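In: Quick one: sequence plus predicted model below, questions after.
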Amino acid sequence: MKESDLRFARLLVLINCAVPAALLGRDAWHHQLGANPVNFAILTTGLLALIFLLLTLLVTPLRKLSGWNWIIFSRRTLGLYAFFYASLHFLIFFCFDRSFSVSGTLSEMVKRKYLMVGATGLLVMVPLAVTSTNAMIKRLGGKRWRALHRLAYVAAVAGVLHYYMQVKADVRQPLAFATVLAILLGYRLVVYWRQRKSVSAAVTSVKPKPEV
Amino acid sequence: MVDPMKEPAKISAREVTSPAVYFNRRNFIRTGILAASAVATGMVYRRLNHVATGEIKTARIEGLTTAATNDVNGFRVAEPETSLQDITHYNNFYEFSTDKEGVAAAAANFETKGWQMSVEGLVRKPKIFGLDEILKISPPEERIYRMRCVEGWSMVIPWAGFSLSKLLAVVEPASDAKFVAFETLLDPKRMPGQRSDVLNWPYVEGLRLDEAMHPLTLLASGLYGRALPPQDGAPIRLVVPWKYGFKGIKSIVKIKLVAAQPRTTWNEAAPNEYGFYANVNPQVDHPRWSQATEQRIGESGRRPTLMFNGYEEQVGHLYAGMDLRANF
């Protein structure tokens, strides 16, 4: 892929990921968020955060299975948008549901376990966002950077769990998210096992034969 | 004159598209792709995440009177009414959809013609009523009640109906009747939400007899001066303003007077979260969230939740000496 095409693809992803936020903002401005606008905005941004987390985790399997190596360019953007929507989700809760009250937010978090789980998901995304720049990758070194960024799995699990825990009775949607996440993480497990097996097989094959 | 057989004219260097124009063309296409994809994303977003709106065209209720107000009966709360739009497009009615904004559309064509309601059990005069017969029992009154959902939001709704006690007087409860059990229509063809087993259908609810006989307990057939729209429980529903909204069973087909406490749907679904009484109580939290405050629909910020939803004066005596933490 040519550098200019890649730049364009990056722009394409950047703009499209911002579309939901723009429409949400527009609807809020025009008072078109329905009967319970705060809840609507919280739910919407939460779902968007989950969707972008899953999309981020989809990049690597898709790249490996399809051979489209170039799509790796989108991973950072998607991940940062996941963080963006999750932060927005929390900020709307903090500002409009808790009326900017730190103590109100903390006391609510202590009472509601799913808020703790959600907050965990958001917090582990902070170091990922901070270390998302090229300079940081270089500074940390590829190996350490990759290890750190496995926290994305924690964030996704926490996010889906956070959603599942608060649903009153209809768990179909959270379960759908959980299923997709299980597939994406399952893929990684399979790859990991296979690699370990082939590595140990390689090790066995070079083992010197015991002398008779 | 141009001769087509003539050797084509050489393309002069001047005619070659200049790089600037060529790249402009490319930029033009790219801008197009960008715009088209953004529009497509926007359409997907709108499709998946729409807000419900629509008009309510149910029949006007004839002869609606204003409930006699005095300071103590609680029949007309002096708080701004929630808009008809919001009351009819933000509903918990799992028989149609578990999406509060999706109920109105899913229930739009719900047919209630020929509706019957059986009132039976421990009564002297059991009877299957046609809807008209029920509506004739007592002239409809407008009652303005607070409605507090267990999820932490609330409305103020101008209902039309009459006290349930008037219906019960017609069938004459027997002396051994201690509770009243209610049942919603079971018909997955007309109520598509019943095709999935999110809850154990049909929806059932119950009240203690003294709760059912309380003048605030309303058998409602309308709101905002119109017949109940399907999404709000057409054609006839229960309203118990001091209890969480889920006690207000909708689209009732059966009322049965019984001796023992009847089972209730949400209590069966999650016994540790939803009790039989389900009285609004800011001091007793839901296991997963606080009940101390509520989001009044149409307002910004949360307001404190009132004991018995502000009807303590009227109903507090029903629970005198009862442990409300144990009997949530």
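Out: Perfect, thanks for sending it.

In: In chain B, which residue is most central in space?
Out: Central residue of chain B (C-alpha atoms, centre = their mean): residue B:91, 2.8 Å from the mean position.

In: residue contacts, residue B:193?
Out: Residue B:193 makes contact with B:93-98, B:106 under the criterion C-beta atoms under 8 Å, 6 or more residues apart in numbering or on different chains. From N, CA and C alone the C-beta is placed, and that goes for glycine too.

In: about what we covered before: go ahead and confirm the residue nearest to the centre of chain B touches residue B:230.
Out: No - in this structure, residue B:91 sits apart from residue B:230 without contact. The criterion is C-beta atoms under 8 Å, and the distance is 9.6 Å.

In: In a helix, residue B:284, correct?
Out: No - if the criterion is DSSP: H, G, I helix; E, B strand; the rest coil, then residue B:284 is coil and not within a helix.

In: what sits up against stretch A:140-147?
Out: Looking at stretch A:140-147 with C-beta under 8 Å, 6+ apart, the contacting residues turn out to be A:131, A:136-137, A:148.

In: centre of the chain versus that stretch, how much separation?
Out: Its chain's average C-alpha position is 18 Å from that of stretch A:140-147, according to C-alpha atoms, centre = their mean, to the nearest Å.

In: One more: stretch A:171-186?
Out: Centroid separation for stretch A:171-186 versus its chain: 13 Å, with C-alpha atoms, centre = their mean.

In: One more: stretch A:70-82?
Out: In terms of C-alpha atoms, centre = their mean, the centre of stretch A:70-82 is set 10 Å apart from its chain centre.

In: do the same with stretch B:182-190
Out: Between the mean C-alpha position of stretch B:182-190 and that of its chain there is a distance of 16 Å (C-alpha atoms, centre = their mean).

In: Residues contacting that stretch, please?
Out: Outside of stretch B:182-190, the residues that reach it under the criterion C-beta under 8 Å, 6+ apart are B:95, B:110-111, B:191, B:194-195, B:201-207, B:238, B:249-256.

In: How about stretch A:183-200?
Out: Here stretch A:183-200 makes contact (C-beta under 8 Å, 6+ apart) with A:54, A:57-58, A:60-61, A:64, A:153, A:156-157.

In: Between all of those, which two are at the greatest distance?
Out: By the measure C-beta to C-beta, A:64 and A:157 form the most distant pair in these, at 21.3 Å.

In: Quick one: neighbours of the residue lying closest to residue B:72 once chain neighbours are set aside, just the number.
Out: Distance criterion C-beta to C-beta, 6 or more residues apart in numbering or on different chains; nearest residue to residue B:72, sequence neighbours excluded, is residue B:313 at 6.6 Å. Here the count is done by other C-beta atoms under 10 Å in any protein chain shown, and residue B:313 has 13 residues near it.

In: In a helix, residue B:313, correct?
Out: Yes - under the criterion used here (three-state DSSP), residue B:313 sits inside a helix.

In: and residue 142, what pLDDT?
Out: Defaulting to chain A. For residue A:142, the pLDDT comes out at 87.

In: right idea, wrong chain: chain B
Out: Predicted confidence (pLDDT) at residue B:142: the value is 94.

In: Could you measure from it over to residue B:80?
Out: Distance, residue B:142 to residue B:80, by C-beta to C-beta, to the nearest Å: 16 Å.

In: Of the two, give the one with the bigger neighbour count.
Out: For residue B:142 against residue B:80, the residue with the higher neighbour count under other C-beta under 10 Å is residue B:142, and the figures read 19 against 10.

In: Surely the more buried one is in contact with residue B:226?
Out: No - at 11.3 Å, residue B:142 does not count as touching residue B:226 under the criterion of C-beta under 8 Å.

In: what touches both of the two?
Out: A shared contact of residue B:142 and residue B:226, defined by C-beta under 8 Å, 6+ apart, is any residue touching both; here these are residue B:160.

In: which bits of the stretch 51-200 of chain B sit near chain A?
Out: When proximity is defined by C-beta under 8 Å from any C-beta of the partner chain, the stretch 51-200 of chain B lies next to chain A at B:51-52, B:85-86, B:89-90, B:94, B:98, B:100-101, B:151, B:153, B:196, B:198-199.

In: Now do residue B:132 against chain A, distance only.
Out: Here the criterion is C-beta to the nearest C-beta, to the nearest Å. By it, residue B:132 lies 32 Å from chain A.

In: Pretty sure that residue sits in a helix.
Out: Yes - judged by three-state DSSP, residue B:132 forms part of a helix.

In: Neighbours of it, how many?
Out: Neighbour tally, residue B:132, other C-beta under 10 Å: 8.

In: ok, which stretches of the chain are strands?
Out: Looking at chain A here, since you left the chain open. Counting by DSSP state E, one finds no strands in chain A.

In: right idea, wrong chain: chain B
Out: Under the criterion DSSP E, chain B carries strands at the ranges B:65-66, B:116-121, B:127-130, B:141-148, B:153-163, B:179-184, B:204-208, B:218-223, B:226-227, B:237-239, B:252-258, B:293-296, B:303-304.

In: mean pLDDT lowest for which of those strands?
Out: Least confidently modelled of those is strand B:65-66, at a mean of 82 by mean pLDDT.

In: Run through the neighbouring helices and strands of that strand.
Out: Strand B:65-66 makes packing contacts with strand B:141-148 when contacts are defined by 3 or more C-beta pairs under 8 Å, 6 or more residues apart in numbering or on different chains; DSSP states H and E.

In: what comes up buried for the longest helix along chain A?
Out: Once chain A is assigned using DSSP state H, the helix that runs over the most residues is helix A:172-206. Taking 16 or more other C-beta atoms under 10 Å in any protein chain shown as the basis for neighbour counts, the residues of helix A:172-206 that come out buried are A:174, A:177-178, A:180-181, A:184, A:187.

In: Show the average pLDDT along it.
Out: Confidence over helix A:172-206 (mean pLDDT, whole number) is 88.
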